[in-house]
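*Asks:* next input, structure requested:
(2 chains)
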There are 2 protein chains.
Amino acid sequence: MVTFLAGGTGTPKLLNGAEAVFDSSATTVIANTGDDIELGGHLVCPDVDTVLFHGGGVLDTDTWWGIDGDTTTTHDELHRLADAAGLDAGPRYLNDDAQTTGRDIADWRRFSGVAEFMEIGDRDRAVHLTRTSLLDEGRSLTEVTRTLAEAFGLGIDLLPMSDDPVATLIHTDEGTMHFQTYWVHRRGDPEVRDVEFRGADAATPTPAVRDALAEPVVVGPSNPVTSIGPMTAMDGFAAALSSTPVVAVSPFVGETVFSGPAPALMRGVGDEPSTAGVAAAYPFVDAFVLDTDDPTDLDRPVVRTDTRMDSAADSERVARAVDAALSEVA
Amino acid sequence: MVTFLAGGTGTPKLLNGAEAVFDSSATTVIANTGDDIELGGHLVCPDVDTVLFHGGGVLDTDTWWGIDGDTTTTHDELHRLADAAGLDAGPRYLNDDAQTTGRDIADWRRFSGVAEFMEIGDRDRAVHLTRTSLLDEGRSLTEVTRTLAEAFGLGIDLLPMSDDPVATLIHTDEGTMHFQTYWVHRRGDPEVRDVEFRGADAATPTPAVRDALAEPVVVGPSNPVTSIGPMTAMDGFAAALSSTPVVAVSPFVGETVFSGPAPALMRGVGDEPSTAGVAAAYPFVDAFVLDTDDPTDLDRPVVRTDTRMDSAADSERVARAVDAALSEVA
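*Replies:* Residues are numbered from 1 along each chain as shown, chains lettered A, B, ... in the order given. As a prediction, the model looks like this:
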C-alpha cells in the first residue's frame, strides 16, 4: 500500500507513470482541497478533478486541467450575457455574509458565476454539478468523490484531504484574495505577504485519510505552500506523516522550479524557494528524490534521477526513483 | 399601457403577435413563478424564461421552452455520470430540511441535479447560472429578471410575479409532489386531489407588479390553476385585478383545451374544465375573448375570433380581439 499527497499538476504528472511501479488497487491519493471554490453555486475541486480526469483517461494533458476536447458553450454564454447586461467580468467574490451561508464546505471560497472567471467546460461542469447535488443530498465530500471515481472508473482510491472547508487565502498589499483570484485571475502578480488556510483550525482529516497516512507516503513534486500546506495545517496531519515513512519529490532543481507559483508563495511565507527550502518545510520527510542536476546537499537520504516529467515514460522513471527511496526508509 | 399575465405557453404564444397591436415599450408581462425550481443549485424560471427567450428571438418555438438549437452537453454528461455511478434518475427532490436551507427564493422547490430530470440546454444553463449568481450577489429576482431582459434585448418590461417563493405542489393519492415532478416527470398522470401554493400566504406582489396591475390587464390563454393561481393566491393580487379593466382569453373551446394540464388541474381543485369553469374561476375578469366555435354563453362581454395560435399571424388576430375586448370595458 502507498499513499500519494497531490496538488494540482506535479503529483498528477507523477501518477501518470506510477501505475507501472505501484499497483493501482493498492494506491491511495489524498488530494488538496484548499484550492477548491464554489463558483456559481457549484463546488469546483481542481486538484481532485485533475486526478479524477487522469484516472478516467479524459484529462487534457496539454493544460493538466479539464476534460480533453470539452466544449465551453455555457461558459461562453455566461460571458455573452454579462457583456450584454454590462456586468463586470473578473472574479466576483461574494460578500462576507454570503461566504458563510449555505453549504459549510464552501465557506470563504464562494464566487458568483456571473462572467465565470475560471473556464469550466460543459462536461466538466456536469462533474461539479453532480458533486454539489450529492453534497446537497447529504453525502460527504469523501463519499461524493468516491462516487465520481466510480463513474470515471478509477483504479486508485481518491480521497479529499478533509470533509471540512479549508480556504487558501493570499495576503497581499492589494488585500486578501482567494488563491484562485491570485493565481487564475491575477496570474500570480501581487506580491505574497502571507498565506492563510482559513478553516484549517477546525478542519480534520477524515478517517479514510488517517488510515491512508498509516501507509508509506509519497509527497509529489507539488508546491509545498498551497498544495501540501492546507493538509499539514490540519491538526494531526503532520504528526501522522512523522510516524510513517515519507518520500518527497522536489519540485525544484536547486533554485529552479519546473512550473507554478511555488517560488513566490514560498518567499511569501518566509521559506527559501529551492530544494533546500522544501526540505526545511518538510521535517516529516525521510528521503528525497532530487534531479540529477540538483546541487543541493541534504541531511536525509537522496535518490537522484532526471525529474523532468513530459511523458508517461518520464513519470515512470521518477516513480521508480520514489520506490527506491521508499525502500531505503520503509 | 397594458399588462399581460403569463404562464408557460398560452400567453407567450399570444405575445408572439401582440407587438403588432400593443406597443412593446408600453407593455408589461408579469410571469408566473410558481413553476420555478432550484435544480442542481440553480433557479430555473420556466415561465419567465419562455418570455425572455421569445423576446430575445431565441425561443425554440417547436417546444415553446428552451433556446432554439441549444446543445445539451452538460445534461447528457449528468446522465452518463449517474448511470456509471449507479445513481437513480428521475426527480431527486431534496429532503425537508434542505428545502428551506440557503436561498429563500428556492424554498420548497429544490431538486438535486443528479441525472437532471428536466432537460437544460447549455446556453439555457448560462441564464439560470447568471440569475442565481446575481441573486447570491444580493439582487432581487425582479432586478435579476430585468438584467437578463437587458441582455436579451427585450422590448417589453418583464416582471416575476413576486420576489418571494411560491411553490406549486400537487396533492395526489401517491403523495404531494412539486408541479414539475407531476408535469415533466409524471406527464400529468397521477390524479390531482388538490393544488397548494406553498409560500403564497407570506408572498407579496412586488411594487413593480402592483404598478403594472393599475393598468388594463390581459390574462392570456394560460391554465387558470397553476399559471394564474399562484398570482391570485397572493394577498392583494385579485383585489388589484378587480379594480382595473381585465380581459381574459379562454384556453378552452367550450370543454376542449388547446394543450397542457388545465383540465386535470381544474378538476382537481373543483373547477369545471371548460370556458365556463375559467369564467367562474376569474370573477375579476370584465370581458372574454372566446373561440368562434365556443358555444359558451357568459354573463360578461365576449369578443369572438379563431383562438388557435400556430403562427404570429394567428397571435396577431387574437391580440386584435383582445384589444377590441379591452375597448369595451376600459
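
*Asks:* and A:Ala212, its phi and psi?
*Replies:* phi -70, psi -30 (degrees, to the nearest 10).

*Asks:* and it, how far is that from A:Ala248?
*Replies:* 16 Å (Cβ to Cβ, to the nearest Å). All C-beta spots, glycine's among them, are computed from the backbone N, C-alpha and C.

*Asks:* more neighbours: these two, which one.
*Replies:* A:Ala248 (29 against 24; other Cβ atoms under 10 Å in any protein chain shown).

*Asks:* pLDDT wise, what is that one at?
*Replies:* In this model, A:Ala248 is scored at 98, pLDDT.

*Asks:* next helix or strand past the host helix or strand of it?
*Replies:* Following DSSP states H and E, one finds A:Ala248 within strand A:246-249. Under the assignment DSSP H and E, the closest C-terminal helix or strand after strand A:246-249 is strand A:252-253.

*Asks:* who does that following strand pair with, and is each partner parallel or antiparallel?
*Replies:* strand A:256-257 (antiparallel) (DSSP bridges).

*Asks:* average pLDDT across stretch A:22-39?
*Replies:* For stretch A:22-39, the per-residue pLDDT averages 98.

*Asks:* right, I mislabeled it, should have said stretch A:173-183
*Replies:* 97.

*Asks:* try stretch A:196-208
*Replies:* 98.

*Asks:* check contacts around A:Ala233.
*Replies:* A:Ala233 makes contact with A:166, A:197, A:200, according to Cβ atoms under 8 Å, 6 or more residues apart in numbering or on different chains.

*Asks:* surely the first one and A:Asp47 touch.
*Replies:* This points to A:Val166. No. Counting by Cβ atoms under 8 Å, A:Val166 does not reach A:Asp47; the two are 12.0 Å apart.

*Asks:* which other helices and strands does the helix or strand containing A:Val278 contact?
*Replies:* Applying DSSP H and E as the criterion places A:Val278 in helix A:275-281. Contact here means 3 or more Cβ pairs under 8 Å, 6 or more residues apart in numbering or on different chains; DSSP states H and E; on that basis helix A:275-281 packs against strand A:252-253, helix A:262-268, strand A:287-291.

*Asks:* on that earlier part again, mind listing the strands the strand holding A:Ala248 pairs with, and their directions?
*Replies:* Here, using DSSP bridges, strand A:246-249 pairs with strand A:217-219 (parallel), strand A:287-291 (parallel).

*Asks:* now find how far off-centre it is within its chain.
*Replies:* 16 Å (Cα atoms, centre = their mean, to the nearest Å).

*Asks:* what about the strands in the stretch 101-250 of chain A?
*Replies:* A:110-111, A:157-160, A:167-172, A:175-178, A:192-198, A:217-219, A:246-249 (DSSP state E, counting those that start in this stretch).

*Asks:* can you pull the contacts of the residue in the stretch 201-330 of chain A positioned nearest to chain B?
*Replies:* Going by Cβ to the nearest Cβ, chain B is nearest to A:Ala208 of the stretch 201-330 of chain A, at 18.1 Å. By Cβ under 8 Å, 6+ apart, the contact list for A:Ala208 reads A:142, A:157, A:159.

*Asks:* cool, A:Leu213 as well?
*Replies:* A:3, A:30, A:205, A:237, A:240-241, A:244.

*Asks:* likewise A:Gly66?
*Replies:* A:53, A:59-60, A:119, A:121, A:124.

*Asks:* hmm, back to that, anything in contact with each of A:Val166 and A:Asp47?
*Replies:* A:Thr33.

*Asks:* and the helices in chain A?
*Replies:* A:10-18, A:46-55, A:73-85, A:96-99, A:122-136, A:141-152, A:179-180, A:207-212, A:229-232, A:237-242, A:262-268, A:275-281, A:312-329 (DSSP state H).

*Asks:* and the first one, how far out from the chain's middle?
*Replies:* Spelled out, that is helix A:10-18. Per Cα atoms, centre = their mean, the centroid offset for helix A:10-18 relative to its chain is 12 Å.

*Asks:* how about stretch A:145-154?
*Replies:* 18 Å.

*Asks:* quickly check: that stretch near chain B or not.
*Replies:* Yes. With Cβ under 8 Å from any Cβ of the partner chain as the measure, stretch A:145-154 is seen reaching chain B through A:147-148, A:150-153.

*Asks:* for A:Asp189, see how far away A:Met177 is.
*Replies:* A:Met177 is 11 Å from A:Asp189, by Cβ to Cβ.

*Asks:* between the two, who's got more neighbours?
*Replies:* Higher neighbour count among A:Met177 and A:Asp189: A:Met177, with 18 against 11, using other Cβ under 10 Å.
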